[in-house]
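Peer 1: kindly generate the corresponding structure for this input.
(2 chains)
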Amino acid sequence: MAVTRNYGPRALALVAGAGLLLSGCGGAKVGETQAASDGKGGCGTVNLAINPWVGYEANAAVIAYVADKELGCTVVKKDLKEEVAWQGFGTGEVDAVVENWGHDDLKKKYIDEQKTAVSAGVTGNKGVIGWFVPPWMAEKYPDITDWKNLNKYADLFKTSESGGKGQMLDGDPSFVTNDEALVKNLDLNYKVVYAGSEAALITAFRQAEKQKTPLLGYFYDPQWFMSEVKLVKVDLPEYTEGCDADAEKVACDYPVYDLDKIVSKRFADSGSPAYQLVKNFTWTNDDQNLVAKYISEDKMSAEDAAAKWVKDNPDKVKAWLPQG
Amino acid sequence: MVALSAPVTRRFPSRTYVTGAVVVAWIALWVVLNGRDTLPLGGAQLTPLHNRLGEAADAIDANRDSNPLFLYFVNYIRLFLDAAVTFVQALISQPSFGRPVPLVGWLGVTGVATAIAHLYGNRKVAVLTAAGFASFGLLGLWEESMDTLALTLTAVALSLAAGIPLGIWAGLSDRFNRIVTPVLDFMQTMPTFVYLAPLTLFFLIGPASATVATMIYAVPPAIRLTAHGIRQTPPATLEAADSLGATGGQSLRKVRLPLAKRTIVVGINQTIMAALSMATIAALIDAPGLGKTVLKALQTLDVGTAFNAGLAIVIMAIVLDRVTSAAGRRVETVHRAGRSDRSRLRRVETAVTAAVAVMLVYLSYTYVWAAEFPGGADLGSYVRRGADAASTWAQDTLVTYTNGLKNVVTYALLNPFEALLGRSPWWLVAVVAVALALLLAGVRAAITAAVGCALLVALGLWHDSMVTLATTLVATLLVMVLGVILGVWMGRSERADRVLRPVLDAGQTMPAFVYLVPILGLFGATRFTAIIAAVVFAAPVSVKLVAEGIRGVPHTAVEAATAGGASTWQLMSKVQLPMARAGITLAASQGLIYVLSMVVVGGLVGAGALGYDVVAGFSQHQLRGKGLAAGLAIVVLGIMLDRIMRAAAARAGSPPASR
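Peer 2: Next up, the predicted model:
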């Protein structure tokens, strides 16, 4: 025991000594080189919802970058699915959704009924939804892009999931789909199979093109995957105003969506320059695809991607800034 | 108990015979009635119940600001939770108090964690802890890892603060135990997706909602295992305490709690694991940390980045698991050996370890190099590239074989099974279920089956439930095949154990979102992919439990058989497997529960049915009532199957004489 008694103080001294030594040659101290970073005024905090797809992130990245650099706002990004993001308008935790695909039910609830949200105009992007096949199929079976020939090819699309019929693959349930009604009303010998997520849908198309296996599925544009594999759209009976009014009886293609921006009522009334920015923001599908490509294929961070695009397009950015 | 009156020798064959007859009758009737009364419900179709459930959620939304429950109760809980998480984040993960870095940097956190592992565990886990924490930095994910750790620790601390007292209560009071058990079952089997969106109505978007979501899943093991530990106290010991005149409080503090300590530590371990397994799902409502990295990467199918972050989660889980397990073993040795912990040597060791830790914390508070993990050794980019390459290679070269495997299992096993369950009239399936439960598990199980089937019909999701049930049962079957093969191997060989265990731990803790893309590439968006995901997650538990069972077979029995000239095969099939029966049944029932907890993930990869309904309810406003109903249906399936299997196991396992 006598031995152990002496260990304590000695070991402690050793440790303390070593520590002092380390701090002696320590290096830069925390806070020494920190510049005063809070000189921003006039804008305050903007809460941007980030819905989970890359195109959305491209919009948000550019808006956030401009708001931060040009207007001095503090931008807080929140990763949320649409449904939860819209709830956030009411609770004051989300100020803006910057790419919205339709969602008439949410508009009805939050804009018309609760009056916690308002529209902030279109983004300039056109959303195309429809049925697509991988490019190798369109090449080998040129007439497959007409829906009237789909039954002829139904056998090609049989899978273990489709119960003897052709498979029509649907993706993330967040997206609007009339596919079950379409199959029924167009008398197609197909069964709608729910992949359940965008990742599943994209992986399916990627493998279909690589392995040259047949696949018919629901897809949409703008989407980053389109720049990797340019899927070919199958033409359904043309969309006419009101042809999709009754969800049970739809027998026509999806309309072209004008993607728009939604902001919280509070944010719109706040007079924040960031609101003006969100409201003025418009760009083309090509613009968005470019930024989305920076993020998805070139693996740039959202910030770097936005910085690059803003640097290359000063005129477009200038037009978004609040007057004065 | 119907069959009780029959003589023991005749009862077994006759029961098997009747069971067989029920199945044959079912198949015969199915051929005749195929497709009638199957109660299907289309993807967007709703029942009045679903609409009412959706309206109830809307009502909460509308009254949130005026309801006193919210103003005076929920809002304060939210503020408290937000403050708690933000505080821990300020300590270890986020810039705080006007500093560009958190209060304690990487060196301090690693030092403190290692010191704790050393003091409560042993030297080996201390080394593991140091290496594990360093690897977070090396993978380039220090801040994300600390965010996850902050959220996990807060949720665990609060879970234990609530769970241990409730567990003690449940351990002491039979009545409370009976009330709380189904509630815990409910909390563990209800898919998180169902309550994730509604939670943000109560607790808003942010750390509070994430903490509550995590706690709902993490509290049950703390309560269950504490109660179990308290109940295990030998009656003789309690009587002795009574006879010495100990009051209720004294015997709790001096007798029951010390004896239950080891089981409670196991509960803490399980709570930590459960909390960590929520990291990815909580990121869907903006919870900070590694889960976000995984989900972001999934958007661009970036397998490498997702794997890198998943690896950090696995490492964190293994470190926390080993440390708490070592602490549990230490509690036991200390308990056996008396109070050796108070020795002077131990005190010196404690003082030195603490001093070192404090020193490191100070350094990391003061100096930049100890605060921010130095870049340079970028292990993460190698991991990312390696995982990417492996995933691409597998998807390109293995796909022909995997496609064949998928088709064999689907056409030979899954489709017939689904046809039998899904295309029989609902009343036929219900009658068969009740009859089988009665034959195999007794009257109470039969009542459970009847109530369960009635609930599934009432929820309006009978057909989807049957499709999910077919997938679940096939997955459980595969889990048990793997469980028995690998479990026996592991139970018989120490070396196999050392090799397999880390793989099993990884399978159990790697977020499913990480490997969804490669398995989707291999098996397509199909029910079989969902089965694979479930097997990856559930098989480890079954393997471990079977191995435990095999190891639990008394040495004397094995020696006797070997001396009697039994071959290895005979030893396994005639001695070890039959004697490990209890372990194997437990493995099957746990495997089933774990498979069910992957139903929602299955919905994301093409399994359709209940899993898809839940995902759709989370994503689409008008389907939220149906999503809730689908969640309830999963709970009903889980509790029903669990109760029937347990009763059947108890009946088959206990010797006839005891009845």
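Peer 1: for the stretch 151-300 of chain A, just list every one of the strands.
Peer 2: Under the criterion DSSP state E, counting those that start in this stretch, strands of the stretch 151-300 of chain A are mapped to A:166-170, A:190-194, A:217-221, A:232-234, A:257-264.
Peer 1: for chain B, which of these is the nearest?
Peer 2: strand A:190-194 (5.0 Å; CB to the nearest CB). No exception for glycine: its C-beta is placed from N, CA and C like everyone else's.
Peer 1: mind listing the strands the closest one pairs with, and their directions?
Peer 2: According to DSSP bridges, strand A:190-194 forms sheet pairs with strand A:166-170 (parallel).
Peer 1: got JSON lines for the strands of the stretch 151-300 of chain A, with mean neighbour count and mean pLDDT too?
Peer 2: Compiled in JSON lines, the strands of the stretch 151-300 of chain A are given as follows (neighbours: other CB atoms under 10 Å in any protein chain shown; pLDDT from 0 to 100):
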{"stretch": "strand A:166-170", "mean neighbour count": "24", "mean pLDDT": "93"}
{"stretch": "strand A:190-194", "mean neighbour count": "24", "mean pLDDT": "92"}
{"stretch": "strand A:217-221", "mean neighbour count": "23", "mean pLDDT": "91"}
{"stretch": "strand A:232-234", "mean neighbour count": "18", "mean pLDDT": "94"}
{"stretch": "strand A:257-264", "mean neighbour count": "22", "mean pLDDT": "93"}
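Peer 1: out of those, nearest to A:Thr123?
Peer 2: A:Thr123 sits nearest to strand A:257-264 of all the strands of the stretch 151-300 of chain A, at 4.9 Å, using CB to CB.
Peer 1: just checking, what packs against that closest one?
Peer 2: helix A:82-91, strand A:96-100, strand A:117-133, helix A:273-280 (3 or more CB pairs under 8 Å, 6 or more residues apart in numbering or on different chains; DSSP states H and E).
Peer 1: what do you get if the cut-off is 6 Å, keeping everything else the same?
Peer 2: Here strand A:257-264 touches strand A:96-100, strand A:117-133, going by 3 or more CB pairs under 6 Å, 6 or more residues apart in numbering or on different chains; DSSP states H and E.
Peer 1: export the shortest one as PDB, just CAs?
Peer 2: Put plainly, it is strand A:96-100. Backbone C-alpha positions of strand A:96-100 (Å, rounded to 0.1, in the frame of the first residue of the first chain) are rendered in PDB as follows:
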ATOM      1  CA  ALA A  96     -40.800  30.300 -47.600                       C
ATOM      2  CA  VAL A  97     -41.200  27.200 -49.800                       C
ATOM      3  CA  VAL A  98     -39.400  28.000 -53.000                       C
ATOM      4  CA  GLU A  99     -40.500  25.300 -55.400                       C
ATOM      5  CA  ASN A 100     -44.000  24.000 -55.100                       C
END
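Peer 1: looking at the helices and strands packed on strand A:257-264, which one is packed in the most?
Peer 2: Mean neighbour counts were compared across the helices and strands packed on strand A:257-264 using mean count of other CB atoms under 10 Å in any protein chain shown; the top stretch is strand A:96-100, at a mean of 26.
Peer 1: what's in contact with that one?
Peer 2: Residues outside strand A:96-100 that contact it (CB atoms under 6 Å, 6 or more residues apart in numbering or on different chains) are A:48-49, A:56, A:59-60, A:63, A:85, A:123, A:259-263, A:278.
Peer 1: sorry, back to before: which of the strands of the stretch 151-300 of chain A sits closest to B:Arg15?
Peer 2: Taking the strands of the stretch 151-300 of chain A one by one with CB to CB, strand A:190-194 is closest: 41.0 Å.
Peer 1: mind listing what's buried in the helix or strand harbouring B:Leu128?
Peer 2: Here B:Leu128, judged by DSSP states H and E, is contained in helix B:123-138. Residues of helix B:123-138 classed as buried: B:Val125, B:Ala126, B:Leu128, B:Thr129, B:Ala130, B:Gly132, B:Phe133, B:Ala134, B:Ser135, B:Phe136, B:Gly137, B:Leu138 (neighbour count, 16 or more other CB atoms under 10 Å in any protein chain shown).
Peer 1: which strands or helices does the longest helix seen in chain B pack on?
Peer 2: Counting residues, the longest helix found in chain B (DSSP state H) is helix B:303-337. Applying 3+ CB pairs under 6 Å, 6+ apart, one finds that helix B:303-337 contacts helix B:123-138, helix B:257-276, helix B:290-299, helix B:379-397, helix B:494-509, helix B:512-523.
Peer 1: what angle separates it from helix B:494-509?
Peer 2: Using axes from the mean of the first three to the mean of the last three CA atoms, to 10 degrees, the direction of helix B:303-337 lies 120 degrees away from that of helix B:494-509.
Peer 1: so which elements touch the next helix or strand after helix B:303-337?
Peer 2: Per DSSP H and E, the first helix or strand lying C-terminal to helix B:303-337 is helix B:344-366. With contacts taken as 3+ CB pairs under 6 Å, 6+ apart, helix B:344-366 sits against helix A:2-24, helix B:106-120, helix B:368-371.
Peer 1: re the thing from before, mind checking how far the longest helix of chain B is from the chain centre?
Peer 2: 15 Å (CA atoms, centre = their mean, to the nearest Å).
Peer 1: that concludes my questions; thank you for your assistance.
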